[in-house]
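Visitor: here is my input; please provide its structure:
(chains A, B and C)
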Amino acid sequence: MTAPTPMPPAGSLLVATDLRKAYGPTTALDGAEFSIHPGEVVAVMGPSGSGKSTLLHCLAGIVPPDSGSIVYNGREMATMNDTQRSALRRSEFGFVFQFGQLVPELTCVENVALPLRLNGASRKEAEQTSLGWMRRLEVDDLARKRPSEVSGGQGQRVAVARSLVTNPRVLFADEPTGALDSLNGERVMELLTEAARSTNAAVVLVTHEARVAAYSDREIVVRDGKSRDMERAV
Amino acid sequence: MSSPAVRQWYRDLAMGLRFAFTGGREGWVRAVLTAVGVGLGVALLLLTTAIPNAMATRESREAARQDLGITYYENGDSKPTDKSLIVADTDTEFQYEEIRGRLLEPEGADAPLPPGLEKFPAPGEMVVSPALAEMLESDDARLLRGRLPYETVGTIGEAGLIGSKELAYFAGADGLAKRIDGSVVARIEAFGQTEEQPEEPMDPVLLLLTLVVFAVLLMPVAVFIATAVRFGGEQRDRRLAALRLVGSDGRMTRRIAAGEALAGSVLGLAFGTVFFLLGREIAGSVQILTFSVFPSYLNPSPALALLVAFAVPAAAVAVTLFALRGVVIEPLGVVRTAKPARRRLWWRLLLPLGGLALLSPMIGQGSDNGQFNEFMVIGGVVLLLFGVTALLPWVVEAFVARLGSGAVSWQLAVRRLQLGSGSAARMVNGIAVAVAGAVALQMLFSGVEGRFTESTGLDTTRAQLELALPQGGAPVSTVGEKLKQAKGTDTVAALSTSTVSATRKAPEEGTEVTVGDCVSLRELAQIPSCEDGDVFLMGAPEDPTTVTLATAGRTLYFDASYKGEERGAEVAWKLPGEVKKVAERPDSLRTAMSGLMATPGALPAKAEPFLYSTVYVRTDPTVPDALDEVRNAAVAIDPLIRTWEWETTRQVDEFATIQTGLLVGAAAVLALIGASLLVSQLEQLRERRKLLSALVAFGTRRRTLGLSVLWQTAVPIALGLILALSFGLALGAVLLRMTSVPVTIDWANVLAMTGIGGAVVLLVTALSMPPLMRMMRPEGLRTE
Amino acid sequence: MSIGHTLLGLLESGPRHGYDLKRAFDEKFGHDRPLHYGQVYSTMSRLLKNGLVEVDGIEPGGGPERKRYAITEAGITDVQQWLATPEKPEPYLQSTLYTKVVLALLTDRDAADILDSQRSEHLRMMRILTDRKRKGDLADQLICDHALFHLEADLRWLELTAARLGKLAEAVTR
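Guide: Predicted coordinates:
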């Protein structure tokens, strides 16, 4: 077994070292580091514009960094092409965003089933599995409704169900409660972290809200494109 | 009306006008897109209104340069004067392009200059049209330069041409006086038609065709303009909602929206004028078949232009208000009325039924000089075609509601259509109307084609060229011999005809005589034995005169004298002792011939001037450009020899023009609609940018998304085309019935039209792929 | 808030009289509650006793006693430890935190570090409360929520201060 080049804590699932990324003249990441274990919930905090979302996009293989290394499960992501990274996202990762993620014309259960169907599952099978997850997130009664017919909190739970439906090993959540009131937000966080823990999935949670971050095991702070791992800093 | 109310109206409209241009970069882009769309439509409308003018200008130019035929009867004994000019018609054809040719020989100082010339070219010189000058300089014009062995000394001005691409020349000549025959060579004292030609009433079927062509071409333009003013609708709705938030009421926002539409369409009018002026210049350099115009011909008639200037903005406002009909603009957003009412079928059906009702009384009117009511024709056609646009949204909705789900891409597309098929149907409307109209026209055209295409009865395997020899030129035998030697010639048949009369003074009692050597005569009849000096009687003539005259040994007369006229030459011809009866060849060069046939040796020498001679040429297929080689040889012998290429059919000119117009128009309209399709497609994609990025983030294949976009367009398009086909066929059938032509469907044509419509869609989808791929980049996820 | 640590921190920039110390304290931290002389002297004598300060000299002359105090090595270490130790996340911490940040800026220490470790400490507390809330009954939930909201307010303040450290440094060292 080959150890990744940097010195990650033993047993890390996803490790990033010295990430740099610039969008034109703006530097989004300037030497950021990150690592996460299976089953761990790590909050990524920091002021807006600090590079939190960019870090998440890089970690998830959505955006390739300009330099630096991202090793997932022993594989260097830079060596994968777009198709391979897409396949990785489909099968190993799950995603929850703040908004704009449910396909408005599909029903809720069809939305949840989408990742499974993209992986080639049959419609019936996919929707069966999806209903199970919707039940866990207490939105199974909305299965046949469209996203426009459900509340924000319900929609976000549907999105969480969708992110978990493939049993991902890493769940990426970018401000998952950003558009919700505190009660709904907390319920979503509770369900999300519970579900993740029960499947031993790692959760990368980008948030600027302390009470959302409180659902994490550990937080890192991103400021001006640099990350700070608070656990190891103290 | 009270003046504060008026002021309020004015303020709201003005605010809308301002909004159209002050929405930042996006606002500008939207305003410009709308303006470009409306502008293209307006330009097409203006061009259409200019077409009648262009036709009229061409006709008056043609009339002004008229030089032959008018003096036919008196010409034989005209005398040269100070004002006289001899004109010879030397029209020719090169590489299947017609060239107008004239030889000019002024006889006096005041001889009239033809339009477009500043002075007469001297013998051996010529003045050419710009297009011909260009052609003469091209590399493959060796034969043409040989055909026109004159030195180019000038250019024909616009006044002397009927189109920018017309091929024409005037060459100087001398010695034409003795060749005057009143048809190919004439003496004139002025150019131009001296008297108004009586206007022939247009054939009712041709009129029908013209009306339908205009209706069919302009309908999609109207649909297109309606689509163009709705560009950027979503963004506008958001802006209107923001206005409601700061306190404007529902009616005010509608007026503001109207103001915005007005702004877009007025800017569109400006764009349209520019496009039109550009298009006019381009039109000057384009030739469609043999039709070209000068930019100055394309002047829209003021009344029609004014109508366009008023109708377009009015229509834009009407469409905008109609689109806002089912919409409640709330301060916090635009609400489509809760559940959009299920589309109703009955009123949508009323339109096509009304159209049929208008057309049905005219069934059969096209046959025996019947007349069509223009308004009913146009009304009926327009209603039927509008029926397509009205029914299509209903059909799409009803159809997609029944679709099941398949692959993910299919599911995404179907669900999207089920949620809101209106915009998809709108996108397809233009294509559907264009295709329906084109299919109907295509049917009408192929149905009545027979009526306007005359069979020439010529067998092109027997001869390819027919050369008419002018009077007073070289003897036919010489010409025949020379042509036989010419490059490109395979076989030659030189035949002359004349009339012989029974007595010196009774030309009425006569028969035709065809003269040629044995080889040539054998092209007409089956002649077992033949030598020079023989005379034959063709077939079994029913005409008793011919039978009487064709008696062996009898004396007949060429150029017998008419009573009360100048005495003819009265050349006597004694028939030989034997007149053999021969049978006509089934594939004779001249069909339905009768009368005498004579070899040259049988005729008196004095008969030569009374023979009208023609040489038929079979060309050698192995020689490239054989037709032009033979023509060149003919011109070298005598420039006044006229040449025709044999063709099996010939179309009535007007019919050909209408058909050309349809093809050009249909192409322009489809291109226009394709452009608008692309714009609305891109707009829809832009609205979904964030969603697309999210879908890509969780690993959706780009191919899946691309396919779903394709399905999303393909399904409505397929339905649109099916609907268009059925309506087109129905309309075509009705139109054919109106012209009393049996209804037949030329499936190849119908499918071709449909295929073109489908191809436009595929092209649009292909063009929207690169932006789609760009939009699927993860940058779309960035919210900051 | 620890007055002793604050006064110690103020001495780090150089020996001062008790009177000067009070003036400096009031100016930087005592906005609404000026420090009493008695408080200064009793605190200083405690620090003297613990060896964290020493008497640098006494001004002669009549009037009140005028001792001049200087910080010892042990005193500097003590300040350092105090600054580095995050406060127990409790309500109404801001005055202590503010003092710490200003002192860090005054003594050229990394103020952002202080804020970050405090945030970490707050979050640790919030995690415990969140966990308790998840397992507890409604009463527990409400009590925990109260604490959580207060902690969250502190955290927001930490964020805001972190974003304004540059301006604050300018203001206090002027």
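
Visitor: and B:Met135, what does it touch?
Guide: B:Met135 makes contacts with B:94, B:97, B:141, B:144, B:167, as judged by CB atoms under 8 Å, 6 or more residues apart in numbering or on different chains. C-beta here means a position set from N, CA and C on the backbone, and glycine is covered the same way.

Visitor: again, only this time at 6 Å
Guide: Contacts for B:Met135 (CB atoms under 6 Å, 6 or more residues apart in numbering or on different chains) come out as B:Ala141.

Visitor: pLDDT score for it?
Guide: On pLDDT, B:Met135 comes in at 88.

Visitor: one more: A:Leu55?
Guide: Per-residue pLDDT puts A:Leu55 at 91.

Visitor: so it versus chain C, what's the distance?
Guide: Per CB to the nearest CB, to the nearest Å, A:Leu55 is found 17 Å from chain C.

Visitor: just checking, next helix/strand downstream of the helix or strand that residue falls within?
Guide: Using DSSP states H and E, A:Leu55 sits in helix A:52-59. Using DSSP H and E, the helix or strand that follows helix A:52-59 in sequence is strand A:67-72.

Visitor: next SSE after that following strand?
Guide: Later in the chain than strand A:67-72, the nearest helix or strand by DSSP H and E is strand A:75-76.

Visitor: between whatever helix or strand comes next after that next one and strand A:67-72, how many degrees?
Guide: Later in the chain than strand A:75-76, the nearest helix or strand by DSSP H and E is helix A:82-92. Put simply, helix A:82-92 runs at 40 degrees to strand A:67-72, going by axes from the mean of the first three to the mean of the last three CA atoms, to 10 degrees.

Visitor: related to what we said a few turns ago, mind giving me the packing neighbours of the helix holding A:Leu55?
Guide: Where contact means 3 or more CB pairs under 6 Å, 6 or more residues apart in numbering or on different chains; DSSP states H and E, helix A:52-59 is packed against strand A:14-23, strand A:26-36, strand A:170-174.

Visitor: for B:Ser3, give its distance to B:Tyr10.
Guide: Distance from B:Ser3 to B:Tyr10, counting by CB to CB, to the nearest Å: 10 Å.

Visitor: and these two? Which one has more around it.
Guide: Set B:Ser3 next to B:Tyr10 and count neighbours by other CB atoms under 10 Å in any protein chain shown: B:Tyr10 wins out with 12 against 7.

Visitor: and the pLDDT at the more buried one?
Guide: On the pLDDT scale, B:Tyr10 gets 79.

Visitor: OK, contacts around it?
Guide: Contacts of B:Tyr10 by CB under 6 Å, 6+ apart: none found.

Visitor: now it: how far from B:Pro313?
Guide: From B:Tyr10 across to B:Pro313, the span is 16 Å (CB to CB).

Visitor: thinking again about what came up before, so what touches the helix holding A:Leu55?
Guide: If you take CB under 6 Å, 6+ apart as the criterion, helix A:52-59 is touched by A:16, A:19, A:21, A:28-29, A:32, A:44, A:46, A:63, A:65, A:172, A:174, A:206, A:222, B:778.

Visitor: burial of the residue of chain A found nearest chain B, as a residue count?
Guide: Per CB to the nearest CB, A:Arg90 is where chain A lies closest to chain B, at 3.1 Å. Counted by other CB under 10 Å, the residues lying close to A:Arg90 total 20.
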